[in-house]
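*Asks:* Any chance you could fold what I've pasted below:
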Amino acid sequence: MLNCQRDKFIIPDDIAYLNCAYMSPLMKSVIDVGKSAVEKKGHPYAIKPEDFFEDSQRLREEFAHLINAPDPNKIAIIPAVSYGFANITKNLDLSANQNIIMVGEQFPSNVYPWLTLSKESGAKIITIQPPEDPLNRGEIWNQLILENINHETAVVTIGSVHWADGTLFDLKSIRKRTDEVGALLFIDGTQSIGAYPFDLQEIKPDALICAAYKWLLGPYSIGLGYYGDYFNQGKPVEENWINRLYSENFAGLVNYQDEYQAGAIKFDMGERANFILVPMAIKALQQLNQWGPENIQDYCRNLVEPFLNELADVGFQVENMKWRGSHLIGIRIPGSANVGRIKTELEKNKVFVSIRGNAIRIATHLYNNQSDFEKLIDSLKRAIKYSTLKKA
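*Replies:* Numbers count the residues shown, from 1 in each chain. As a prediction, the model looks like this:
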């Protein structure tokens, strides 16, 4: 079992950073790699042609290992989730009698590409809203998703968990249902891959897109995407030199090629060999693979669950464990609570979380400890007590 890894980060003792779903801190080792990479760029004569390719391949291999993907060449290096989904929608040919299934309040990067495709193709977007009743909310929401997938469904596009409240989506059942009707399944794994176990060979999505700056513990402006067999004959959203066949041969770059590099490499962004971000992302993924997402999830569960019981006792609503992870949890604020007071108490205690709608989003990692949650609980209890006194 893993112990707290706070010493690998630079978070001060008086800060309770429970907001990895917003942006992860960088590990000291990743910062060191970034500094060295910046210095190397100051000596461009030290950057060899092979450096444009070897680190990129190493990054693919580390991510493939993390998600249990058998072929690293199915992994593309992207700058953002929106870019990853642009590669997807560019290669879909939908019609007006088909529909696209998504869930309510999905993150915009996995919405706007589909809105554009819907306008262009006439395909209808069906948004599955969560039930208003908090009782069995996750279970009912998942059932509604399955019930709405039918033979007119061309695409289901969904997060592995909901970014705002941590609701866990039953990807295995959704994959089974999409197979039954011949629909494609696209997953935004940004809010769980790295901290919650995911087996690509079990779920078998048609594509999986992830930003690196959250649970992958990497830098901003880089991400990774798995593209399945559906995209073998696909066209990239961007035409750049490095995704073309024989781009390793610098002397022959003007011998222009019609063919792309193998697999999903053709979906890489331009300047994908980023000599600063790529080494940092590799270092972060190496550490995640060493820890293991299942062990990270276990650590979070053991840390979080006792405190969630305390919150439930004072009126906060917490989703059933079956329908959420322990790394990202949305706790529903009691109707009597003063949200402004909650924010004040959290800031006073230097507790960093996100408030999304009527939920407080708690996002936990290996750098969090019992003291962080004691500060959180103290802040929330004080806010509830204040609200009760004001009511009286």
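*Asks:* can I assume Lys172 sits in a strand?
*Replies:* No: if the criterion is DSSP: H, G, I helix; E, B strand; the rest coil, then Lys172 is helix and not within a strand.
*Asks:* Nearest residue to it in space, ignoring adjacent ones along the chain?
*Replies:* The shortest distance from Lys172 to any non-neighbouring residue, by C-beta to C-beta, 6 or more residues apart in numbering, is to Ile203 (6.2 Å). All C-beta spots, glycine's among them, are computed from the backbone N, C-alpha and C.
*Asks:* My guess is that neighbour contacts Asp170. True?
*Replies:* No: with contact defined as C-beta atoms under 8 Å, Ile203 and Asp170 do not form a contacting pair (10.3 Å).
*Asks:* Near the residue nearest to Lys172, how many other residues are there?
*Replies:* 18 (other C-beta atoms under 10 Å).
*Asks:* so what's Thr167 bridging to?
*Replies:* Counting by DSSP bridges, Thr167 forms beta bridges with Arg324.
*Asks:* what's the pLDDT at it?
*Replies:* According to the prediction, Thr167 has pLDDT 96.
*Asks:* The one 10 residues further on now?
*Replies:* In the predicted model, Arg177 carries a pLDDT score of 98.
*Asks:* Give me the secondary structure label for it.
*Replies:* helix.
*Asks:* all strands for the chain, in order.
*Replies:* 16-17, 75-78, 99-103, 124-128, 153-159, 184-188, 207-211, 223-227, 317-318, 328-332, 351-352, 354-356, 359-363 (DSSP state E).
*Asks:* Can I get those strands in a markdown table including mean pLDDT, distance to Ile265 and mean neighbour count?
*Replies:* A markdown table is the format used below for these (pLDDT from 0 to 100; distance: least, C-beta to C-beta, whole Å; neighbours: other C-beta atoms under 10 Å):
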| stretch | mean pLDDT | distance to Ile265 | mean neighbour count |
| --- | --- | --- | --- |
| strand 16-17 | 98 | 36 | 22 |
| strand 75-78 | 98 | 7 | 28 |
| strand 99-103 | 98 | 27 | 23 |
| strand 124-128 | 98 | 31 | 16 |
| strand 153-159 | 98 | 23 | 24 |
| strand 184-188 | 98 | 19 | 24 |
| strand 207-211 | 98 | 15 | 28 |
| strand 223-227 | 98 | 10 | 27 |
| strand 317-318 | 90 | 43 | 17 |
| strand 328-332 | 94 | 31 | 25 |
| strand 351-352 | 98 | 38 | 20 |
| strand 354-356 | 89 | 35 | 16 |
| strand 359-363 | 94 | 32 | 25 |
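*Asks:* Break down the stretch 1-150 of the chain into its helices, ranges please.
*Replies:* 28-41, 54-67, 81-89, 112-121, 137-148 (DSSP state H, counting those that start in this stretch).
*Asks:* closest one to Asp188 among those helices?
*Replies:* helix 81-89 (6.1 Å; C-beta to C-beta).
*Asks:* now the residue positioned nearest the centre of the chain, nearest residue through space, not along the chain?
*Replies:* The chain has Thr190 as the residue nearest its centroid, 0.7 Å off, counting by C-alpha atoms, centre = their mean. Among residues not flanking Thr190 along the chain, Ala211 sits closest, at 4.6 Å (C-beta to C-beta, 6+ apart).
*Asks:* Hmm, the one you found is touching Val81, no?
*Replies:* Yes: Ala211 lies in contact with Val81 (C-beta under 8 Å); the separation is 5.2 Å.
*Asks:* Mutual contacts of these two, please.
*Replies:* 190, 223 (C-beta atoms under 8 Å, 6 or more residues apart in numbering).
*Asks:* which residues are contacting the lowest-mean-pLDDT helix or strand in the chain?
*Replies:* Using mean pLDDT, DSSP states H and E, helix 370-391 stands out as the lowest-scoring helix or strand of the chain, at a mean of 83. By C-beta under 8 Å, 6+ apart, the surrounding residues in contact with helix 370-391 are 13, 16-18, 303-304, 307, 310-311, 314-316, 334, 336-338, 341-342, 344-346, 348-351, 353, 360, 362.
*Asks:* Can you give me the buried ones in that helix?
*Replies:* 372-373, 375-377, 379-384, 386-387 (16 or more other C-beta atoms under 10 Å).
*Asks:* cool, and stretch 303-314?
*Replies:* Under 16+ other C-beta under 10 Å, the buried positions of stretch 303-314 are 303-304, 307-308, 311.
*Asks:* Give me the contacts around it.
*Replies:* Applying C-beta under 8 Å, 6+ apart, the set of residues contacting stretch 303-314 from outside is 318, 321, 326, 329, 331, 334, 362, 364, 368-370, 373, 376-377, 380-381, 384.
*Asks:* again, 6 Å this time
*Replies:* 318, 326, 331, 364, 373, 377, 381, 384 (C-beta atoms under 6 Å, 6 or more residues apart in numbering).
*Asks:* For the first one, give its distance to Leu311.
*Replies:* For Val318, the distance to Leu311 equals 6 Å [C-beta to C-beta, to the nearest Å].
*Asks:* Out of the strands of the chain, which is closest to Glu39?
*Replies:* Closest among those, using C-beta to C-beta: strand 75-78, at 22.5 Å.
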